[in-house]
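S.K.: A predicted structure for the sequence below; I have some questions about it.
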Amino acid sequence: MKYGILGIGQAGLRHFNAFNSIKNVKLLGFTEFDLKKAKNFEKKYNVKHFKKLEDLIKLNPDFVIIALPHSYRLEPIKVCCKNNINLLIEKPLVLNTQELKIINKYISKKNLIHSISFVHRYRKEVLNAKKIIDNKKIGKVKFILETMISQKNDNLPNWIDNKKISGGGVLLYNAIHSIDKICFIADSKIDYVFAHKANINEKIDVEDVINISLKFKNGILANLIATFLPYFTTPKWETKIFGSSGQIDINIRKGFELISKNKIKKFDYSKYYKKNGLNYCFNIQAKSFIKSLNTKKPPLVNLHDGINSVKIVEAIYNSIRKNKILKINY
Ligand SMILES: NC(=O)c1ccc[n+]([C@@H]2O[C@H](COP(=O)([O-])OP(=O)(O)OC[C@H]3O[C@@H](n4cnc5c(N)ncnc54)[C@H](O)[C@@H]3O)[C@@H](O)[C@H]2O)c1
């Protein structure tokens, strides 16, 4: 299987490392704006740099990975879909519902497989906790509490603070992953949202704190708090799932605990992460995507998950602007 990558920044490199570890999957070429970066990558891995996507497409890739900054998605999605190329698109699928309308006619081709890189679904702790929840080990899920505390460190790209390119702050760069994960666990669509935002760093025009209440169509409630701090912090990313007869506490990149029948059962994945690295979910995602292309079966994260998340994000920003509880129109 042959593929191309658009943008070899942080995410693009993670995808490359993941797909590179799969037998018979070959990177044909890549596009990259930053010529110095492109030259280094080209030399190191002996892979061709293309200035134009159209020239890369002439080599007939089976799929293309879009790992560009958020506002540069429309043209490559159009071009790839017109050329019948499957896509793995970094989150968010696009910036808003206006952009969704533009890509809709291209992306909805039935014969193509498109996935969105909600890569945290592929974490061992998330997949295994989900299995336990689906087996009703904590009864009926009632409430989910998600806390995501992270630092905006110097290795992150500058464009994330530029609203024209990023479309938003902590919600679009980080918390959108949490929203996808909560939807996956709740196994339902979000019905209503109510949100607030704040800025700890007042010098930027995108939010770095977000506080969101969610109500799902199946009655589950969820609360999500995410911060993207301009100073050193002790990062934390946990999901507490409260059911009618027990609780699961997921500690991302560490493991999870099952609390039921007055007992705590610990699932410690520190050895797994030590052996495979903290970004191993990219490898699991890559394998799953290739399997989906080979079997023509829908991927774990499908196009509708990407489309719904754009609608949810837009409703959250509208809720903040209007200071109102909003129903999501799917
Ligand atoms: N799934 C995850 O865990 C995860 C992690 C990090 C980033 N991301 C996502 O990946 C995407 C990229 O983010 P990043 O952090 O890697 O950013 P980045 O800035 O590190 O990488 C983007 C790269 O694209 C290049 N580029 C920009 N415009 C281009 C164009 N028109 N053609 C070709 N190359 C171009 C840039 O020079 C840069 O090297 C974003 O959607 C981001 O939200 C996802």
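M.R.: Sure, I can see it. Keep in mind it's a predicted model, so treat the numbers as computed, not measured.

S.K.: which stretches of this structure form helices?
M.R.: 10-20, 35-45, 53-57, 74-82, 97-107, 124-134, 163-166, 170, 176-186, 270-276, 281-295, 303-322 (DSSP state H).

S.K.: for the protein, list the residues in contact with the ligand, please.
M.R.: 6-12, 31-34, 37, 67-70, 72, 90-91, 117, 119, 157, 173 (Cβ under 6 Å from any ligand atom). Using the backbone N, CA and C atoms, a C-beta is placed for each residue, glycine as well.

S.K.: go again with 5 Å.
M.R.: 7, 9-11, 31-34, 67-68, 72, 90, 117, 119, 157 (Cβ under 5 Å from any ligand atom).

S.K.: quick one: contacts for the residue of the chain found nearest the ligand?
M.R.: With Cβ to the nearest ligand atom as the measure, Gly9 is the residue of the chain nearest to the ligand, at 1.7 Å. Gly9 is in contact with Lys37, Ala67, Pro157, counting by Cβ atoms under 8 Å, 6 or more residues apart in numbering.

S.K.: check contacts around the closest residue to Asn201 other than its chain neighbours.
M.R.: Closest residue in space to Asn201, ignoring its immediate chain neighbours: Pro230 at 4.1 Å, by Cβ to Cβ, 6 or more residues apart in numbering. Shown in contact with Pro230 (Cβ under 8 Å, 6+ apart): Gln151, Lys152, Ile200, Asn201, Asp208.

S.K.: which of those residues lies closest to Asn128?
M.R.: Gln151 (27.7 Å; Cβ to Cβ).

S.K.: which residue is nearest the middle of the protein?
M.R.: Nearest residue to the geometric centre of the chain (Cα atoms, centre = their mean): Phe118, 2.8 Å.

S.K.: re earlier: output the contacts of Pro230 as CSV; include the columns neighbour count and pLDDT.
M.R.: CSV is the format used below for the contacts of Pro230 (neighbours: other Cβ atoms under 10 Å; pLDDT from 0 to 100):
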residue, neighbour count, pLDDT
Gln151, 15, 96
Lys152, 22, 95
Ile200, 14, 98
Asn201, 16, 97
Asp208, 24, 98
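
S.K.: which one of those sits closest to Leu59?
M.R.: Out of these, the member with the shortest distance to Leu59 (by Cβ to Cβ) is Lys152, at 37.3 Å.

S.K.: quick check, that closest one in contact with Phe228.
M.R.: Yes - Lys152 lies in contact with Phe228 (Cβ atoms under 8 Å); the separation is 5.0 Å.
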